[in-house]
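1. Here is a sequence together with a model predicted from it:
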Amino acid sequence: MKKQTPRSLAIEILNRVEDGKAFAEPLLDQYLATDLLSDIRDRGLLTELVYGTLRMRGFLDWVLAQFLQKDLTAADTGLRNILRTALYQIFFTDKIPDHAIVNEAVELTKLADPGKVSLTNAILRNVLRRKEQLPFPERRQDFRSYMAILHSHPTWMVDRWVRQWGEEEALSLCQANNTVAPLVLRANRLQTSRKRVIEELHREGITVEKTAYAPDGLVVREAGKSLRDTVAYRQGLFQVQDEASQMIARLVNPVAGETILDLCAGMGGKATYLAEIMANRGRIIAVDLRKGKLRQLQDLAKRLTVRIIEPVAADATADLDKVDHNSCDRVLVDVPCSGLGTLRRCPEIKWRLTPEILQSNTRLQKTLLDRAGNYVKPGGRLIYSTCSIMPEENEEVVEAFIATHPEFLLVFPTGVERLFLDDRGYFRTFPHRHGTDGFFGAVMEKTTRGEKGYDPIDRQD
């Protein structure tokens, strides 16, 4: 059996992402957790090939199309990914000799599709000869194609963002989406402080520094080993969580002793942080339809010594049997969404998403928000959040809800810095503006009066 290499493993992962609709991050974590690659340089190359190929897929496919007489069929996924990874190395790496890239691609093709060996060899050698003469679109002549091809985003997405923010900001966003996202941690305030986590990880050969905004956040700058292998991880001193995601918990702004409902809890990143902010005093009901996610949440809570979370497996689009109406001080509904704020971490999303899927998302989001409002007690807070930057998943959902629920009033949050809030009090983060994932949040208060004509700046959370 041929020894597996970073390139062969990258092809396996990319095939599973494309054919099986899997996500790259958990797959890559699984592969890196094995002993298939022991050399840290090989592990780094595998990571770069997977993420780099996914990020630049639009560019790579355009280059490939210049050298193919006809498109590859759906049955050619393996060959397409062999060629994509080879092209990525040719255009975006400078430490791998061209002949080694071609030879490895040819060897991989022999195993995957022996009848296409000559095609692989011919395409890659032609690319090497002609890559300086390729007719890439120029920004001044065709900005739309320039963005879609050179910065590797679907054309419909480019069109939307240019209309939404203008050319310069849309370009900055696309450029940021193609960068490597930082690894961010959250110090567990139940167990420790940021200062102590910095010291503990430094002793284990990992350099971290404080995040710019999140008060419990840490950015990993250098890591000589996996974070999961550290004593600090096993002791529950920290959890991996992006800075913007941490700030959603700050947006909820819970108080010790309150009853909190997390309606789409997932694996519990936000729920456990809420418990930490509440100093393990109060009650957090964590609802998710997927029992596997709730088991992961329970494992996480145990490692972090969180004791106040009650997992509930239920469909949040239906009425919850175990939660009374008007009973919760704060309800967080972090809805399933497109994930367009997380393209640095999940670049495969941009090749799967369509405008039609966005519309389907909004129907579910409106249903979940409508249900969530039932559980908020008068005077309580309803917090809506997404990891999307699209208006139809964000403010348009909130405004449609408020229009049909006059008892809810938009409030101007105080749990986060003012720079993340617009004039209406909506919370927004962006990769190109803040160096975080792109998140949206809105805080609403439930009254008993059903007031209208309300100015949110006059009220404080």
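-> Alright, I've got the coordinates. Residues are numbered from 1 along each chain as shown.

2. remind me which residues of the protein are low pLDDT?
-> 1-2, 74-75, 449-461 (pLDDT under 70).

3. Which SSE is immediately downstream of the biggest strand by length in it?
-> Counting by DSSP state E, the longest strand found in the chain is strand 376-386. Helices and strands here follow DSSP states H and E; after strand 376-386, the next one along the chain is helix 395-404.

4. quick one: strands adjacent to the next helix or strand after that following helix?
-> Next along the chain after helix 395-404, taking DSSP H and E as the criterion, comes strand 408-411. Sheet pairing of strand 408-411 (DSSP bridges) gives strand 440-446 (antiparallel).

5. what's the angle between the partner strand and strand 376-386?
-> 170 degrees (axes from the mean of the first three to the mean of the last three CA atoms, to 10 degrees).

6. show me the contacts for the spatially most central residue of the chain.
-> Centroid check for the chain by CA atoms, centre = their mean gives Thr342 as the closest residue, at 3.2 Å. Shown in contact with Thr342 (CB atoms under 8 Å, 6 or more residues apart in numbering): 242, 349, 387, 437-438. C-beta here means a position set from N, CA and C on the backbone, and glycine is covered the same way.

7. Let me know the closest of those to Leu263.
-> Cys387 (15.5 Å; CB to CB).

8. can you tell me which residues contact the closest one?
-> With CB under 8 Å, 6+ apart, Cys387 has these contacts: 244-245, 337, 339-342, 437-440.

9. Next, give me the two most distant ones among the residues you listed.
-> Ser245 and Leu340 (14.8 Å).

10. how much space is there between the residue nearest to Cys346 when sequence neighbours are not counted and Met390?
-> Distance criterion CB to CB, 6 or more residues apart in numbering; nearest residue to Cys346, sequence neighbours excluded, is Gly339 at 5.8 Å. Gly339 sits 10 Å away from Met390, taking CB to CB, to the nearest Å as the criterion.

11. quick check, nearest of the contacts of Cys387 to Ala372?
-> Nearest member of the contacts of Cys387 to Ala372, counting by CB to CB, is Cys337, at 14.7 Å.

12. quick check, the closest one in a helix?
-> No. Counting by DSSP: H, G, I helix; E, B strand; the rest coil, Cys337 is not part of a helix but coil.

13. Who are the contact partners of it?
-> 361, 365, 386-388, 393.

14. could you dump these to JSON lines with distance to Glu200?
-> Converted to JSON lines, the contacts of Cys337 look like this (distance: CB to CB, whole Å):
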{"residue": "Asn361", "distance to Glu200": "40"}
{"residue": "Gln365", "distance to Glu200": "40"}
{"residue": "Thr386", "distance to Glu200": "34"}
{"residue": "Cys387", "distance to Glu200": "29"}
{"residue": "Ser388", "distance to Glu200": "35"}
{"residue": "Glu393", "distance to Glu200": "39"}
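
15. Work out the gap between stretch 10-30 and the centre of the chain.
-> 16 Å (CA atoms, centre = their mean, to the nearest Å).

16. With stretch 419-430 instead?
-> The answer for stretch 419-430 is 19 Å, by CA atoms, centre = their mean.

17. For the remainder of this discussion, apply numbering that starts at 446.
-> OK, 446 is where the count begins now, so the last one is stretch 864-875.

18. tell me which residues in it are buried?
-> Neighbour-count burial for stretch 864-875 flags 865-866, 870-875 (criterion: 16 or more other CB atoms under 10 Å).

19. can you check stretch 563-582 too?
-> Result for stretch 563-582 [16+ other CB under 10 Å]: buried residues 564-565, 568-569, 572, 582.

20. Let me know the closest of those to Ser617.
-> For the buried residues of stretch 563-582, the residue nearest Ser617 by CB to CB is Pro582; the value is 18.6 Å.

21. If you drop the residues flanking it in sequence, what lies closest to the closest one?
-> Pro582's closest residue in space is Ser590 (CB to CB, 6+ apart), at 3.9 Å.

22. if I pick Glu654, what's in contact with it?
-> Glu654 touches 643, 663-664, 666, counting by CB under 8 Å, 6+ apart.

23. My impression was that it belongs to a helix - is that right?
-> No. Counting by three-state DSSP, Glu654 falls outside a helix, being strand.

24. ok, now how distant is it from Arg666?
-> 6 Å.

25. for Thr704, same thing?
-> 39 Å.

26. of those two, who's got more company?
-> Neighbour comparison, Thr704 and Arg666: the larger count goes to Thr704, with 20 against 11 (by other CB atoms under 10 Å).

27. Now do Asp484 against Leu491, distance only.
-> For Asp484, the distance to Leu491 equals 10 Å [CB to CB].

28. which residues in the stretch 646-795 of the chain form helices?
-> 676-679, 688-697, 714-722, 736-748, 794-797 (DSSP state H, counting those that start in this stretch).

29. Of these, give the one that comes closest to Gln609.
-> That would be helix 794-797 among the helices of the stretch 646-795 of the chain, by CB to CB, at 15.7 Å.

30. Which residues belonging to the closest one are considered buried?
-> Under the neighbour-count criterion of 16+ other CB under 10 Å, helix 794-797 has 794-795 buried.

31. Now do it: distance to the chain's middle.
-> 12 Å.

32. buried stuff in the helix or strand that that helix is followed by?
-> Moving toward the C-terminus from helix 794-797, the next helix or strand (DSSP H and E) is helix 800-818. Across helix 800-818, burial judged by 16+ other CB under 10 Å covers 803, 806-807, 810-811, 813-818.

33. Run the angle between helix 800-818 and helix 840-849 for me.
-> Put simply, helix 800-818 runs at 40 degrees to helix 840-849, going by the same axes, to 10 degrees.

34. Send over helix 800-818 as CSV, restricted to the C-alpha atoms.
-> What follows is helix 800-818, C-alpha atoms only, in CSV (Å, rounded to 0.1, in the frame of the first residue of the first chain):
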residue,chain,number,x,y,z
PRO,A,800,-29.7,32.8,-3.3
GLU,A,801,-32.4,30.2,-3.0
ILE,A,802,-30.8,28.7,0.1
LEU,A,803,-30.7,32.1,1.6
GLN,A,804,-34.4,32.5,1.2
SER,A,805,-35.0,29.1,2.7
ASN,A,806,-32.9,30.1,5.7
THR,A,807,-35.0,33.2,6.4
ARG,A,808,-38.2,31.2,6.6
LEU,A,809,-36.7,29.0,9.3
GLN,A,810,-35.1,32.0,11.1
LYS,A,811,-38.4,33.8,11.3
THR,A,812,-40.1,30.7,12.7
LEU,A,813,-37.5,30.3,15.4
LEU,A,814,-37.6,33.9,16.4
ASP,A,815,-41.3,33.8,16.6
ARG,A,816,-41.2,30.8,18.9
ALA,A,817,-38.4,32.3,21.0
GLY,A,818,-40.5,35.3,21.8
